[in-house]
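S.K.: The sequence isn't on hand, but the structure is:
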């Protein structure tokens, strides 16, 4: 039995790796032609151009892994069926479900590899790609921005902070206004200070005033030093948008939490996070859909028709992912359902199709 597993898995993996890298090479060439004008404009040396393109290969490859999985399955398993090797395996008393289970395990392993690449490889190669573009192609001066002007931060507890100038290196901000609102959006407290420093995990304001509003009256209290109760770090106040590809799970979750602290729903980001989890099982779903078609439903369908239908079913699955993601962003589905609903539906369809395979 081990010999059969080894033989069949070797056939699959050989085609899988060839297809994945072939697709990656095709994308590389197309990207070269797409950016050739950009490279010529900045007179980019060949070695720098190669670094810029090659650093994106891990990202391109994981994008085509589901298609590579499907094609490898159809070609390898379909070839076994065409040569009647599947019939020989069944005649030897081997339950075809064991072979199918092996492909299911391979699908999960590919999904785990996809997840690991997004977690440990792609964030670093994407950052390297951006650095090559800015430092060696556009030759921009690379510096860490530490000073920001006219910042407005809205927080969850009905609080809004306005900062005229922030220096994250000195951990100091000036021209500070902190507004606290009630649940019905009435101004309850206004804190105004010319400056403040980050100290012991909080912003300490200096030489300002506190105005508390009640009905049509307000009371003003001056202070020399005041704990604002704002615990946002200097770099968190100077928050900037980031690409998902540049973040691992830890950074991605932290990024979402920062958005929500600032009063944003972070809906697209929460959906993208759930999709990252759901993508682990995408290759398993592709396997479940592809196996019955690769075996031709017991030769009820022709090989070309089976191949075409498998591709069509898989593209419907990927299209469903785009549709549910859009529904999630429009508040029709929750972020979890937007990411996982296609997997649930096509898992049921795949299980039904597998049940039709003659064992």
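M.R.: Arrived safely. Because the structure is a prediction, the values reported are computed rather than measured.
S.K.: residue contacts, residue 328?
M.R.: 267, 271, 334-335, 337-339 (C-beta atoms under 8 Å, 6 or more residues apart in numbering). All C-beta atoms are positioned from the backbone trio N, CA, C, and that covers glycine.
S.K.: out of those, which one sits closest to residue 282?
M.R.: The nearest member of the contacts of residue 328 to residue 282, counting by C-beta to C-beta, is residue 339 at 10.7 Å.
S.K.: ok, that closest one touching residue 282?
M.R.: No: using C-beta atoms under 8 Å, residue 339 is not in contact with residue 282; the gap is 10.7 Å.
S.K.: helix, strand or coil for residue 231?
M.R.: coil (DSSP: H, G, I helix; E, B strand; the rest coil).
S.K.: correction: residue 170
M.R.: Three-state call for residue 170 (three-state DSSP): coil.
S.K.: pLDDT below threshold where in this protein?
M.R.: 1, 141-144, 296-303, 358-359 (pLDDT under 70).
S.K.: how about the strands of it, start to end?
M.R.: 147-155, 159-167, 172-181, 187-199, 202-214, 217-227 (DSSP state E).
S.K.: Quick one: those strands as TSV, columns for mean neighbour count and distance to residue 244 too.
M.R.: Compiled in TSV, the strands of the chain are given as follows (neighbours: other C-beta atoms under 10 Å; distance: least, C-beta to C-beta, whole Å):
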stretch	mean neighbour count	distance to residue 244
strand 147-155	13	22
strand 159-167	17	26
strand 172-181	18	29
strand 187-199	17	29
strand 202-214	16	30
strand 217-227	11	36
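S.K.: quick one: which of these is nearest residue 262?
M.R.: strand 147-155 (5.8 Å).
S.K.: For the closest one, what is the distance to the chain centroid?
M.R.: Taking C-alpha atoms, centre = their mean, to the nearest Å, the mean C-alpha location of strand 147-155 is offset from the chain mean by 27 Å.
S.K.: now the angle from it to strand 159-167?
M.R.: For strand 147-155 against strand 159-167, the angle between stretch directions is 170 degrees (axes from the mean of the first three to the mean of the last three C-alpha atoms, to 10 degrees).
S.K.: residues touching the closest residue in space to residue 280 that isn't next to it in sequence, list them.
M.R.: Spatially, and ignoring its direct neighbours in sequence, residue 280 is nearest to residue 111 (4.0 Å; C-beta to C-beta, 6 or more residues apart in numbering). Counting by C-beta under 8 Å, 6+ apart, residue 111 touches 279-284.
S.K.: quick one: residue 111 and residue 186, what's the gap?
M.R.: 51 Å (C-beta to C-beta, to the nearest Å).
S.K.: Could you do residue 317 as well?
M.R.: When residue 317 is compared with residue 186 (using C-beta to C-beta), they lie 50 Å apart.
S.K.: who's more crowded, these two?
M.R.: Per other C-beta atoms under 10 Å, whichever of residue 317 and residue 186 has more neighbours is residue 317, with 21 against 10.
S.K.: There's contact between the more buried one and residue 286 in this structure, I believe.
M.R.: Yes: using C-beta under 8 Å, residue 317 is in contact with residue 286, at 7.4 Å.
S.K.: Tell me where the stretch 251-359 of the chain has helices.
M.R.: Along the stretch 251-359 of the chain, the stretches classed as helices by DSSP state H, counting those that start in this stretch are 267-278, 282-294, 296-299, 303-329, 335-355.
S.K.: Now distance to residue 147 too, for those, in CSV please.
M.R.: Below are these laid out as CSV (distance: least, C-beta to C-beta, whole Å):
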stretch, distance to residue 147
helix 267-278, 27
helix 282-294, 44
helix 296-299, 66
helix 303-329, 34
helix 335-355, 35
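S.K.: Of the ones you listed, which is nearest residue 15?
M.R.: Across the helices of the stretch 251-359 of the chain (criterion: C-beta to C-beta), the nearest stretch is helix 282-294, sitting at 11.8 Å.
S.K.: longest helix in this structure, by residue count?
M.R.: helix 2-41 (DSSP state H).
S.K.: any idea how far that helix is from the chain center?
M.R.: Distance of helix 2-41 from the chain centroid (C-alpha atoms, centre = their mean) equals 21 Å.
S.K.: tilt between it and helix 282-294?
M.R.: Going by the same axes, to 10 degrees, helix 2-41 makes 120 degrees with helix 282-294.
S.K.: any idea how far residue 211 is from the residue in the chain sticking out farthest from the centre?
M.R.: Ranked by distance from the centre of the chain (C-alpha atoms, centre = their mean), the top residue is residue 217, with 50.6 Å. Distance of residue 217 to residue 211, given as C-beta to C-beta: 11 Å.
S.K.: go on, residue 137?
M.R.: 52 Å.
S.K.: For the closest residue to residue 221 other than its chain neighbours, give me its contacts.
M.R.: Take residue 221 and drop its neighbours on the chain: the residue closest to it by C-beta to C-beta, 6+ apart is residue 210, 4.7 Å away. By C-beta under 8 Å, 6+ apart, residue 210 lies in contact with 189-191, 220-221, 223, 226.
S.K.: got those residues as JSON lines, with distance to residue 36 columns?
M.R.: Below are the contacts of residue 210 laid out as JSON lines (distance: C-beta to C-beta, whole Å):
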{"residue": "189", "distance to residue 36": "59"}
{"residue": "190", "distance to residue 36": "57"}
{"residue": "191", "distance to residue 36": "56"}
{"residue": "220", "distance to residue 36": "65"}
{"residue": "221", "distance to residue 36": "65"}
{"residue": "223", "distance to residue 36": "62"}
{"residue": "226", "distance to residue 36": "59"}
